[in-house]
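**Q** My questions are about this predicted structure, shown below with the sequence.
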4 protein chains.
Amino acid sequence: MKAAIVGATGYGGIELIRLLHSHPDIESMTVFSSSQEGKQMAESYPHVTGIVELTLKDIEPERLKEHDVVFLSTPPGVSAELSATLNGGVRIIDLSGDLRLKNADTYRHWYGRESAPDALLQEAVYGLTEWHREEVRTAGLLSNPGCYATTVLTGILPLIQKQAAEAGDLIIDAKSGTTGAGRSPSAMTHFSEMNDNLKIYKVNEHKHTPEMEQELTRFSGKEAPVTFSPHLVPMTRGIMATMYVPLSPGWQQKDLENLFEQCYRNSPFVRIRKDGALPFTKEVYGTNYCDIGFTVDERTGRATIVSVIDNLMKGASGQAVQNMNLMFGFPETRGLDYIPMYP
Amino acid sequence: MKAAIVGATGYGGIELIRLLHSHPDIESMTVFSSSQEGKQMAESYPHVTGIVELTLKDIEPERLKEHDVVFLSTPPGVSAELSATLNGGVRIIDLSGDLRLKNADTYRHWYGRESAPDALLQEAVYGLTEWHREEVRTAGLLSNPGCYATTVLTGILPLIQKQAAEAGDLIIDAKSGTTGAGRSPSAMTHFSEMNDNLKIYKVNEHKHTPEMEQELTRFSGKEAPVTFSPHLVPMTRGIMATMYVPLSPGWQQKDLENLFEQCYRNSPFVRIRKDGALPFTKEVYGTNYCDIGFTVDERTGRATIVSVIDNLMKGASGQAVQNMNLMFGFPETRGLDYIPMYP
Amino acid sequence: MKAAIVGATGYGGIELIRLLHSHPDIESMTVFSSSQEGKQMAESYPHVTGIVELTLKDIEPERLKEHDVVFLSTPPGVSAELSATLNGGVRIIDLSGDLRLKNADTYRHWYGRESAPDALLQEAVYGLTEWHREEVRTAGLLSNPGCYATTVLTGILPLIQKQAAEAGDLIIDAKSGTTGAGRSPSAMTHFSEMNDNLKIYKVNEHKHTPEMEQELTRFSGKEAPVTFSPHLVPMTRGIMATMYVPLSPGWQQKDLENLFEQCYRNSPFVRIRKDGALPFTKEVYGTNYCDIGFTVDERTGRATIVSVIDNLMKGASGQAVQNMNLMFGFPETRGLDYIPMYP
Amino acid sequence: MKAAIVGATGYGGIELIRLLHSHPDIESMTVFSSSQEGKQMAESYPHVTGIVELTLKDIEPERLKEHDVVFLSTPPGVSAELSATLNGGVRIIDLSGDLRLKNADTYRHWYGRESAPDALLQEAVYGLTEWHREEVRTAGLLSNPGCYATTVLTGILPLIQKQAAEAGDLIIDAKSGTTGAGRSPSAMTHFSEMNDNLKIYKVNEHKHTPEMEQELTRFSGKEAPVTFSPHLVPMTRGIMATMYVPLSPGWQQKDLENLFEQCYRNSPFVRIRKDGALPFTKEVYGTNYCDIGFTVDERTGRATIVSVIDNLMKGASGQAVQNMNLMFGFPETRGLDYIPMYP
């Protein structure tokens, strides 16, 4: 199989390269970048010296169509445009947010820019793998979920689907490593100001919010806004979402444990902690796992649910490859069977 | 003035030494430790070489009473015992949790050990300075608040007192640097496993919880349990409490801003961020400030309140010195007028 | 093939498990620990939950002999004892320092304890793979090199062997992440005191020194002490050795480049940087690579050579697996073909 | 006394503000910036909210001359120009490298740009306080040393001056926190790529090299190039220079100890470690101290000297204030008597 990676020099791109290089069904990779044509990957990333010997190519739609799958790890807007051009000619996995929302108005509101054509929005399959496996298998145009959305939805959808909790009551306190902010240097992620510091940003204004709400509505049948606070933690990889929700009457610790076990029994990348144990971000480092723990407080009737992922893996490139596996009929875990690197 | 520090080799102790050494009204300091009699402070902490030339002394109550104030930076149980022995003979500032709760049963439940004598519990003044200034001034036995409790209560009490929110609705997601866990090496705070990692622990079981609830009840008149999740962030100092609460009808961003400004207009160590700006932990590094920001989400009617402190300063030794200043009639900021170290 | 790991709960052990679990020629692994018999690996390391389902067994020599290979990731002294018992009955790869030195007196001097029996010291093959491949292939008892020694020797031996420099002139400034210090919590590696801090320790007294000198003598024919300063850097993994040496007359940048290229042309895990480029530790993160760069200063006639490895991989478990591959006739890179995780 | 800070929004500038704000002899501060006229300091640095209420002013020479002292924390070139304009009209402390070298050719070679006018180069006093106290007292134009140069020279000059070692034999391995690289975000100091990583850069090409060599020549009477390797460590503040040098015959550990004690007996900011103890960077965090340790290796006859400073303090703004104190007849430690913040 031939894979193309567009936007190969970003963090999503280089992580795709790490995964696809070792994927037994990928026969060749081609890497594209809008501005660095002719450069070797190793010039941009010395860590692949002698391993990945690929030259960056200029983005040409005809060339892209010669592949079996095209990964778009491109900025907002660029993905929409490329998807429109390529769609139908090649199967697409888009890692940007351009195709995640079904409603163009919602996109415009949260992203502050024009949306992709409505037909594309409607066609794109939202690739939260565990919750849309059948659609993913046949998708021609797949929209890979946001890192925060993946963490949150994987942890909360079981409760929402079974009405153990109401989406409208959901409070999400999320913490991310800095790679989620991408490779462009900025004041926010300057080492001198991020080290030994904890930051909070875009409270109730983060672009992954409508994506969560869309899915919550899909599985609850109700519209309900969530409260969402992202934080930036001085670490490279990892997201933890700590979620708070009042439980419907009758639900207890053991019921939640059964619910989660049941819900994810056929999902190799979701691991459920037992007996109130809670996961730490490093326990999924470098892998596609989503680890989930929870604890019910009898004093308040609230559940605290903790979901962790590696933002570059299950939160981006790992889930993209998981989706590719389904789209092309490979086993879901193919090329993703890493053990977390610890410590 | 003569100050004694018991438990001088812990982080609370060494931070007290840093502050009192430069405090213009402290004429002499004596340092005590249960196990290291005869050692120089600089043997334990090379950073004070040539600055603090003090020899650790064995803990003898009679010797302690020769001072004007005794700081107890001692483990649970030890503080209770020493307080019982010394009380009446010298003014005491206890940094442990032994005297924070008025109710002995509550202490036993959360701390899993016998409480201090009830008379001491009743007599001890809870030293959350901004909220108990008058009591602090005359206190003979002062119980210095917990680091998490200080962060949370300073951020939420204004709303509770003015009924802008209900204590029972309060959800607290707190994140701390590792110095809050003390100086004893442990698996939890081993560098190799804490670096590049985010941990969550003791959800709804942390000892600072009843202390928060006691104060919330005092200012609301109602008993109401809170939801409280502490996290450990890979940084040395700093606590951020992100708090979520539905607002009473009519309260908006500007109302909260006025409320906070009004409430803390005479509190030199509380700084209110305006227009929805939110503080980062490093913005109070090394100082006694508590910085507070907040944002009201019109979609959900919830407020998100962010409160940050340096856990060793306003969360421990800084507030202890602030209390000492009031107890002895010094200006509240005496010896505490540091600018945050940034970056 | 059946592999046994003794001391499986240390960092060397868990890294071996990560590697061997995915190694295509390992059919089964058994894990042993002196003190935790009956415990699941996942109790000690939640990150392997659902992946590695192994129960720790008590260390019994007869049981160990039922395997094809035994990895000893045990403390000094224990390795010597187990090696003596097992030797001849099973092929052994010892990750401790017990069998690295040929001279028992030297061992006693640097390790401050009695050495293993002399016959074992003489029999053990020093597993610096790139420099002892032929011996490694037939080794029954293999002693895996120290992490610092591997970094240093891989970077400097080409010059020593070809007399481009004198071993006696060698100055080594090495910097390590904290995992090199193992899993036991200590004041030295307590997060609160290691974060945002740079430490230096055991200057000219580190146990890896005689191991370097033994190899330098082997390839130069001369006895010559080195100057060696290890530092502890606030990072989890990685070693960088910055080495300084005057060059023999006539040697220039391009000559060194040729020398290294030539020397390591058949060594898949050694990567040479060109044109004076120097490697960073993260460029080998999680892999068995040793990356080497160098620069010649015409003003002083000195070369600065920079060698980096991942201390848990090429510095311990990775090289152990590389040696196992040779010992059992597998391709050298089998089960070790990871791309560095970056960032 | 009235102080002006030009380039107030850089890290050198904000550290000067921290120090001068609490300096008892500074009556007023004015802050200047080339591009942010009219902005409040707190907009750029929220941590000074409510403490430093200063508005940035445009850089006008006439206005600058109204002060008693002008600190130039400006980029290369800008400092030279402003110095030329202001010199004679006001006492200047320049924190850039523009005036550190006496030889214009050397400046051009290492800085790759035209030097300041030769008259300025000759007039400027090199403000390595401990070694040029008398010149500093009367300086009208003071050039504050580089952070690496300060660390290195304070640690090695005693040996050079007393011929315990030869400057030409000196090998310097230096490690710095990231604040030395300034406030502008860059790929090099992007958190995602600097965290958990150790970098080496500009080996034998760093601009602080000629400054070290100039001083070494001044105190040895000989010209001799040094070997100098700077590294970037994942920490915010701190520099450690590990220096290697063969000792002249007869010099031993105790002789060095006496030499250092004698040399710095009247230098309040230099602290000598005894008995081979070596300092860590955090032991001077936030202060103007330079801590020095050393150990002599009898096997090689080499000394390893370890010198640590806080790069923003003794390496920049702290030493600038120390120099100001001397220039204006204040006690050397005035406004600098901080205890290191630890941990």
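**A** Ah, there it is.

**Q** got the contact list for the residue in the stretch 101-250 of chain A that chain D sits nearest to?
**A** As assessed by Cβ to the nearest Cβ, chain D sits closest to A:P185 within the stretch 101-250 of chain A, at 3.7 Å. Bear in mind the C-beta positions are built from the backbone N, C-alpha and C, glycine included. The neighbours of A:P185, taking Cβ atoms under 8 Å, 6 or more residues apart in numbering or on different chains as the test, are D:185-187, D:189-190.

**Q** So which residues on chain A come close to chain C?
**A** A:11, A:14, A:17-18, A:21-22, A:45-52, A:179, A:195-196, A:236-237, A:271, A:273, A:277, A:279-280, A:282-286, A:291, A:337-343 (Cβ under 8 Å from any Cβ of the partner chain).

**Q** Which members of those are positioned in strands?
**A** A:271, A:291 (DSSP state E).

**Q** Let me see the contact set for A:A303.
**A** A:159, A:164-165, A:244-247, A:251, A:256, A:294-297.

**Q** For it, list each beta-bridge partner.
**A** A:V245, A:V296 (DSSP bridges).

**Q** anything in stretch A:68-87 near chain D?
**A** No: shown here: stretch A:68-87 not in contact with chain D (Cβ under 8 Å from any Cβ), separated by at least 15.6 Å.

**Q** meant to ask about stretch A:317-337, not that
**A** No: in terms of Cβ under 8 Å from any Cβ, no part of stretch A:317-337 sits within range of chain D; the closest distance is 14.8 Å.

**Q** Pull the distance from that stretch to the chain's centre.
**A** 13 Å (Cα atoms, centre = their mean, to the nearest Å).

**Q** If you count neighbours, what's buried in it?
**A** Within stretch A:317-337, the residues that count as buried by 16 or more other Cβ atoms under 10 Å in any protein chain shown are A:317-327, A:330, A:332, A:334-336.

**Q** Just the buried ones among the residues of chain A next to chain C, please.
**A** Buried, going by 16+ other Cβ under 10 Å: A:11, A:14, A:17-18, A:21-22, A:45-49, A:51-52, A:179, A:195-196, A:236-237, A:271, A:273, A:279-280, A:282-286, A:291, A:338-343, out of the residues of chain A next to chain C.

**Q** and chain B, which of these reach it?
**A** The residues of these that also fall near chain B, by Cβ under 8 Å from any Cβ, are A:195-196, A:236-237, A:280, A:282, A:285, A:343.

**Q** quick one: contacts of stretch A:61-79?
**A** By Cβ under 8 Å, 6+ apart, stretch A:61-79 touches A:1-8, A:10, A:12-13, A:16, A:30, A:32, A:34, A:57, A:82-83, A:85-86, A:89-99, A:111, A:113, A:116, A:317, A:320, A:324, A:327-328.

**Q** Helices - which of those land there?
**A** A:12-13, A:16, A:82-83, A:85-86, A:111, A:320, A:324, A:327 (DSSP state H).

**Q** Can you select the buried ones among those for me in ChimeraX?
**A** Of the ones in helices among the contacts of stretch A:61-79, the buried ones can be selected in ChimeraX as follows, counting by 16+ other Cβ under 10 Å:
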select /A:12,13,16,82,83,86,111,320,324,327
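
**Q** how's chain A carved up into domains?
**A** The record's domain parsing of chain A by automatic domain parsing lists A:2-123, A:148-311.

**Q** Of those, which stretch is the most buried?
**A** When the domains of chain A are scored by mean count of other Cβ atoms under 10 Å in any protein chain shown, the highest mean neighbour count falls to domain A:148-311 (a mean of 22).
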